[in-house]
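Chemist: one predicted model, sequence on top.
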Amino acid sequence: LCLAVVVGTTESLCAAAIPFLLGRTVDAGLVTGVSRELLVSAALLLAVGVAQALASALAHIAEVGGWLHGTFTTSRLVGHHVTRTGPAVGDELATGEVVSTVASDAFHVGNMLEVLPKLVGGMVAYAAVALVLLRDSVALGLAVLLGLPLVSLVLALVIRPLHARQAAQREAAGRLATLGSDTVSGLRVLRGIGGEDVFAGRYRAQSQRVRQAGVGVAATQSVLEALQVLLPVRS
């Protein structure tokens, strides 16, 4: 995780530095032509570009490693806990809740460890860009300093309903897993009384609820991702 933070911050700073160096290179070429200043600026631009490419590759490796570590460590801990407690875990939690923890919650833990380095790198680059712009133009620097929090506020208005729909989807998926495990454990009884069709209908109905909840999550997620692209561009 520390490695991912370091290389992720390096990648973000390089990405922020490239437009600045590109501007200096173009200015040097227009003002002095082919000169030492132009060659130095071009060399710096090339070096930063190579550094960004290397940092991007390393950051991806480290972020995927963090995701794998968070996901599988969580799954392993849940597995060890269930093994120690045995059937007693069913007294407090439904089987579907345990399954959802391994199948869904563990991935969210991994996603958090994957996104955290990007968050740190983005904040550092945000501060660096704001300082550079404030030095050149106070108005432009303030636009960046105030614009990003406003964008984040607008996105937060979409994130709250997204979390609510994700919670509803997780609950529906947990009920579906519980229904499936109960059906499998009582399969002989169901066949004996001829209740397979009834339970199949219940499972089918619950599966449709999970699908509808997933569609709702996807719709809200699509709006959020579209705003993440639109709002910074408009700003």
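Modeler: Great, that's in hand.

Chemist: skip ahead from the helix or strand bottoming out on mean pLDDT in the chain and say which helix or strand is next.
Modeler: Lowest mean confidence among the helices and strands of the chain (mean pLDDT, DSSP states H and E): helix 187-193, at a mean of 65. Toward the C-terminus, helix 187-193 is succeeded by helix 196-234 as the next helix or strand (DSSP states H and E).

Chemist: pull out the buried residues from that next one.
Modeler: 199, 206, 209-210, 213, 216-217, 220, 227, 231 (16 or more other Cβ atoms under 10 Å). Yep, even glycine has a C-beta here, placed from its N, CA and C like the rest.

Chemist: a markdown table for those residues, including pLDDT?
Modeler: Converted to a markdown table, these look like this (pLDDT from 0 to 100):
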| residue | pLDDT |
| --- | --- |
| 199 | 76 |
| 206 | 84 |
| 209 | 87 |
| 210 | 87 |
| 213 | 87 |
| 216 | 87 |
| 217 | 86 |
| 220 | 84 |
| 227 | 76 |
| 231 | 66 |
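
Chemist: please compute how far the helix or strand containing residue 77 lies from its chain's middle.
Modeler: If you go by DSSP H and E, residue 77 is part of helix 36-85. Going by Cα atoms, centre = their mean, to the nearest Å, the spacing between the C-alpha centre of helix 36-85 and its chain's C-alpha centre is 13 Å.

Chemist: average model confidence for that helix?
Modeler: Averaging pLDDT along helix 36-85 gives 88.

Chemist: name the helices or strands packed onto it?
Modeler: For helix 36-85, the elements it packs on are helix 2-32, helix 106-136, judged by 3 or more Cβ pairs under 8 Å, 6 or more residues apart in numbering; DSSP states H and E.

Chemist: can I get those in JSON lines with distance to residue 150 and mean pLDDT?
Modeler: Formatted as JSON lines, those follow (distance: least, Cβ to Cβ, whole Å; pLDDT from 0 to 100):
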{"stretch": "helix 2-32", "distance to residue 150": "20", "mean pLDDT": "87"}
{"stretch": "helix 106-136", "distance to residue 150": "13", "mean pLDDT": "86"}
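
Chemist: I'd like those laid out as CSV, including mean neighbour count and distance to residue 50.
Modeler: Listed next are these as CSV, based on neighbours: other Cβ atoms under 10 Å; distance: least, Cβ to Cβ, whole Å:
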stretch, mean neighbour count, distance to residue 50
helix 2-32, 17, 9
helix 106-136, 16, 18
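
Chemist: out of the ones you listed, which is closest to residue 159?
Modeler: Nearest of the helices and strands packed on helix 36-85 to residue 159, taken as Cβ to Cβ: helix 106-136 at 13.1 Å.

Chemist: coming back round to it: redo the helices and strands packed on helix 36-85 as a markdown table? Include distance to residue 155.
Modeler: As requested, the helices and strands packed on helix 36-85 are exported to a markdown table (distance: least, Cβ to Cβ, whole Å):
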| stretch | distance to residue 155 |
| --- | --- |
| helix 2-32 | 18 |
| helix 106-136 | 13 |
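
Chemist: of all these, which one is nearest residue 58?
Modeler: The nearest among these, by Cβ to Cβ, is helix 2-32 at 4.4 Å.

Chemist: determine the set of other helices and strands touching the closest one.
Modeler: helix 36-85, helix 106-136.

Chemist: angle of it against helix 106-136?
Modeler: With axes from the mean of the first three to the mean of the last three Cα atoms, to 10 degrees applied, the angle from helix 2-32 to helix 106-136 works out at 30 degrees.
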